[in-house]
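**Q** sharing a model that was predicted from the sequence below.
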Amino acid sequence: MKERSKALAIETIEAPLPGKIVQVNASVGSHVKEGDVICTLESMKMENPILSPVSGIVKAVQVSPAQVVKAGGIIAVIEY
């Protein structure tokens, strides 16, 4: 019997706008569902939740609280 390997995909979450990370909710190895809040980004005095676009396992978190990020900066990587 032939074994099939399950191909996994990677989703990179990027900052949609520049700002400061005020809270990080995800950690490496944690399971997230589509729509879960990965972190909160403050921009123009408004807090913006950064949501997971897919369900999967967090492989990397590239930000920490109080860190300033540019638009397009990598926030996290999710394997699904």
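**A** Received the coordinates, thanks.

**Q** dig out what Ile50 forms beta bridges with.
**A** Cys39 (DSSP bridges).

**Q** list the residues that contact it.
**A** Ile13, Ala15, Pro16, Val37, Ile38, Cys39, Thr40, Leu41, Ile75 (C-beta atoms under 8 Å, 6 or more residues apart in numbering). Backbone N, C-alpha and C define where each C-beta goes, glycine included.

**Q** which pLDDT value belongs to the fourth one?
**A** The reference is to Val37. The confidence metric pLDDT takes the value 99 at Val37.

**Q** that one contacts Val24, correct?
**A** No: between Val37 and Val24 there is no contact under C-beta atoms under 8 Å: 9.7 Å.

**Q** more crowded one of these two?
**A** Val24 (18 against 14; other C-beta atoms under 10 Å).

**Q** and the more buried one, how close does it get to Ala66?
**A** Using C-beta to C-beta, to the nearest Å, Val24 is found at 10 Å from Ala66.

**Q** over to Val37?
**A** Counting by C-beta to C-beta, the gap from Val37 to Ala66 is 18 Å.

**Q** before we move on, what about Ile21?
**A** 7 Å.

**Q** ok, Ile75 next?
**A** 14 Å.

**Q** and the two? Which one has more around it.
**A** Counted by other C-beta under 10 Å, Ile75 and Ala66 do not tie: Ile75 has more neighbours, with 22 against 8.

**Q** and the strands in the chain?
**A** Taking DSSP state E, the strands of the chain run over residues 10-14, 19-24, 31-32, 37-43, 46-51, 56-61, 68-69, 74-79.

**Q** for the fifth one, the distance to its chain's centre please.
**A** Pointing back at strand 46-51 there. 12 Å (C-alpha atoms, centre = their mean, to the nearest Å).
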